[in-house]
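Peer 1: predicted model follows, preceded by the sequence.
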Amino acid sequence: MAHDRQDVGAAVRHMARAADRATLATLLSETGEPYGSLVLIACDHAARPLLLISDLADHTKNLKADQRASLLIDATAGLAEPLTGARASLQGRIERLPDGAERDALLARYVARHPSAALYAGFGDFALYRLTPARAHLVAGFGRIHWVDAADGLLYPHAEAAAPLLAAETDVVRHMNEDHSDAVALYANRLLGRAGAGWRLTGVDPEGADLRRGGETARLAFDKPAHDAEAARVELVRLVKRARAA
């Protein structure tokens, strides 16, 4: 049973890391009724979703009155039968991140994931928020329905160990894009089956790397968890060797 919950936790993290958008459900501050809205997301290194949202938005006003929220991650796009695809609902509380080094690093991570956010990331009415899920509900097709609680440690096992990689991430990403753009292209074209040139790394976390080309995003999974820059380098080298052999 523990192994099954571990697999569910890994599936939820992978979906959240791969997604660039989600449906946010909050409670209307005036009436308490449910309210759904589209948001762009990135993830911190533990895979907890990040949102850069405006104080003027209704969902932000709702969160200031009640932090409880649910975020729907939908991975069914392009399927002939969407209900056979995977989706996950993350339930928890969304809190504004306080100013400081961690917030600055995570904001940079968000903007790298969504370059257009650079246009408004510095506006006074925008702030970075993070959802800390208490539990997740995964539907991976007909009859494959699971709940997993964050309290059991299987949903976010990298929450405490990822700090060294977060500190080194900007340098790792810059190095790959400036000195090893050929490797990034191989990741996208050969390992992930994505067409076109111009793919760039936007982030590296303990479980893989994020890529982007224009409006397209892609997710590259590591074979082993990497909690610092050297471990990430080992995984990136391993993957480029695999791509060259493909």
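Peer 2: Now that the structure is in, tell me what you want to look at. A quick note: this is a predicted structure, and the numbers were derived from the prediction, not measured.

Peer 1: okay, CA-based contacts and neighbour counts for the rest of this
Peer 2: OK.

Peer 1: could you pull out the helices for this protein?
Peer 2: Here the chain has its helices, by DSSP state H, at 2-18, 58-65, 101-113, 163-179, 181-186, 229-245.

Peer 1: wait, which of these is closest to Glu30?
Peer 2: Shortest distance between Glu30 and the helices of the chain, using CA to CA, is found for helix 58-65: 8.4 Å.

Peer 1: packing partners of the closest one?
Peer 2: strand 21-27 (3 or more CA pairs under 8 Å, 6 or more residues apart in numbering; DSSP states H and E).

Peer 1: so what strands line up beside the strand it packs on?
Peer 2: Strands that pair with strand 21-27, judged by DSSP bridges, come out as strand 34-40 (antiparallel), strand 68-74 (antiparallel).

Peer 1: sorry, back to before: let me have the helices of the chain in TSV, extended by mean neighbour count and distance to Leu220.
Peer 2: Converted to TSV, those look like this (neighbours: other CA atoms under 10 Å; distance: least, CA to CA, whole Å):
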stretch	mean neighbour count	distance to Leu220
helix 2-18	19	9
helix 58-65	19	31
helix 101-113	19	14
helix 163-179	16	14
helix 181-186	20	10
helix 229-245	16	9
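
Peer 1: of those, which approaches Thr31 most closely?
Peer 2: Taking those one by one with CA to CA, helix 58-65 is closest: 10.1 Å.

Peer 1: how far off centre is the least confident helix or strand in the chain by mean pLDDT?
Peer 2: Ranking every helix and strand in the chain by mean pLDDT, DSSP states H and E puts helix 2-18 at the bottom, with a mean of 86. Computed by CA atoms, centre = their mean, to the nearest Å, the separation of helix 2-18 from the middle of its chain amounts to 13 Å.

Peer 1: show me where the chain dips below the pLDDT cut-off.
Peer 2: For the chain, the stretches flagged by pLDDT under 70 are 1-3, 5.

Peer 1: quick one, domains of it?
Peer 2: 2-152, 163-245 (automatic domain parsing).

Peer 1: touching, Thr23 and Ile41? I think so.
Peer 2: No - if you go by CA atoms under 8 Å, Thr23 and Ile41 don't touch, sitting 9.8 Å apart.

Peer 1: which one of these two has more residues nearby?
Peer 2: Counted by other CA atoms under 10 Å, Thr23 and Ile41 do not tie: Ile41 has more neighbours, with 24 against 18.

Peer 1: how about the more buried one, what does it touch?
Peer 2: Ala19, Asp20, Arg21, Ala22, Pro49, Leu50, Leu51, Leu52, Tyr110 (CA atoms under 8 Å, 6 or more residues apart in numbering).

Peer 1: quick check: the residue nearest to Pro157 when sequence neighbours are not counted vs Ala159, distance?
Peer 2: Leaving aside its chain neighbours, Pro157 sits nearest to Ala46 (7.3 Å; criterion: CA to CA, 6 or more residues apart in numbering). Distance of Ala46 to Ala159, given as CA to CA, to the nearest Å: 5 Å.
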